[in-house]
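# Starting from these lines, generate the structure:
(4 chains)
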2 protein chains.
Amino acid sequence: MTNAILFSQTLRAWMDIFMHRSMRGWNHFAKSTGLSMPQFSILMQLHHKGPCGMSEVSNRFDISAAAASQLVEKLVQAGYLDRAEDPTDRRAKLLTLSAKGEKLIQQGTEERYRWMDDLTSKLSAEEQKKVVEALNILTKAAQTMDAKK
Amino acid sequence: MTNAILFSQTLRAWMDIFMHRSMRGWNHFAKSTGLSMPQFSILMQLHHKGPCGMSEVSNRFDISAAAASQLVEKLVQAGYLDRAEDPTDRRAKLLTLSAKGEKLIQQGTEERYRWMDDLTSKLSAEEQKKVVEALNILTKAAQTMDAKK
DNA sequence: GAATATATTTCAGCACACTTAACTAAAAAG
DNA sequence: CTTTTTAGTTAAGTGTGCTGAAATATATTC
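Prediction:
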């Protein structure tokens, strides 16, 4: 019982810190690129889940098809996104990150990663090893969880 | 060398998944409460760093004092924030989360936590132990890092 | 093949975040 | 005590995200 509570507290403490950090980081980064957060989020989402159609964008962000279309239009104009016709359904579009878009996200990740890197560089070798192991466990669990849906 | 690369990959993989998840989660939650993301972020920030003045809000979010004032005004109107006069400087205001605001953030954290809880509940006891240990290491490191600034 | 459904775009209009500029009031500096 | 700096508010105007409605083009259904 005490273990479960400890576990829960640990999780919360870490999530609190980490989320706050990373959200502020992304916000700042998006602003520095001249993109709005909604625009940036679409790039992030495409990076994370791979190419998709318009309707999927509007679904995932809970916005109307019109809104999705307009946001994507701007990203295409800016050269971050490629919008091609879906060969299997000529009504639908296929959205993919362009090289420029991919680069942007990677750069953002890089900066965010640096904070974690700073953080972990101060740990002992043994601590680092433990952290790696734990994060691997979590990552795998998250992936299998996502895969099931 | 291989170790460092492995470490870096592990960190990235986890951050990628975790950030995507939590950002989408907060976005969705904020929307469900009727608050905009900028408004919500201010509440988050107050929760995370404690009470502060107007100028600090505008600094932390890189927005003008006017913008901060307007956002805070809405949050005060909605009852999420208390805005009192700073007793030591009558020009300044002291912003604190109200009970309602605190509750909101906690509720959001709760929902976000549930995902991690689902994730970790599938781990073995031994894995859970490792995860707790590692997250404790990271949390402490982050706290001492923040404290130094 | 005609009727209906689906994927997307375009347009008009509203809401909101944000900025600059002008203003009030209190503190600090001289 | 006057001047200047600092903290915050208010107002007018801009840009953007968003929605609903109308339009287009392709796919499905009967």
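# Helix, strand or coil: sort out the residue of chain A found nearest chain B for me.
Of all residues in chain A, the one sitting closest to chain B is residue A:134 (3.2 Å; Cβ to the nearest Cβ). The way it works is simple: take the backbone N, C-alpha and C, and place the C-beta from them, glycine included. Following DSSP: H, G, I helix; E, B strand; the rest coil, we place residue A:134 in the helix state.
# which residue ranges form the strands in chain A?
Assigned by DSSP state E, the strands in chain A fall at A:81-85, A:93-97.
# show me what contacts residue A:129?
Going by Cβ atoms under 8 Å, 6 or more residues apart in numbering or on different chains, residue A:129 touches no other residue.
# these two touch, right, the residue of chain A closest to chain B and residue B:126?
No. If you go by Cβ atoms under 8 Å, residue A:134 and residue B:126 don't touch, sitting 11.3 Å apart.
# measure residue A:13 to DNA strand C for me?
Using Cβ to the nearest atom of the strand, to the nearest Å, we find residue A:13 at a distance of 28 Å from DNA strand C.
# Could you do residue A:35 as well?
For residue A:35, the distance to DNA strand C - Cβ to the nearest atom of the strand - is 13 Å.
# Could you do residue A:95 as well?
8 Å.
# middle-most residue in chain A, spatially?
With distances taken as Cα atoms, centre = their mean, chain A has residue A:44 as the residue nearest its mean C-alpha position (4.6 Å).
# wait, that residue sits on residue A:102?
No. Assessed by Cβ under 8 Å, residue A:44 is found out of contact with residue A:102, at 11.5 Å.
# got the contact list for the residue nearest to the centre of chain A?
Contacts of residue A:44 by Cβ under 8 Å, 6+ apart are A:26, A:105, B:20, B:23.
# got the strands of chain A as CSV, with distance to residue A:52 columns?
Formatted as CSV, these follow (distance: least, Cβ to Cβ, whole Å):
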stretch, distance to residue A:52
strand A:81-85, 11
strand A:93-97, 6
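# which parts of the top helix by length along chain A are buried?
If you go by DSSP state H, chain A has its longest helix at helix A:2-33. Residues of helix A:2-33 classed as buried: A:7, A:10-27, A:29-30 (neighbour count, 16 or more other Cβ atoms under 10 Å in any protein chain shown).
# quick revisit: dump the residue contacts of the residue of chain A closest to chain B.
Residues in contact with residue A:134, defined by Cβ under 8 Å, 6+ apart, are B:130-131, B:133-135.
# In CSV, list those residues along with pLDDT and distance to residue A:141.
Listed next are these as CSV, based on pLDDT from 0 to 100; distance: Cβ to Cβ, whole Å:
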residue, pLDDT, distance to residue A:141
B:130, 92, 12
B:131, 92, 9
B:133, 93, 16
B:134, 93, 14
B:135, 92, 14
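# List, one by one, the residues from chain A near DNA strand C.
Chain A comes close to DNA strand C at residues A:53-56, A:65-66, A:68-70, A:72-73, A:83, A:86, A:89, A:91-93, as judged by Cβ under 7 Å from any atom of the strand.
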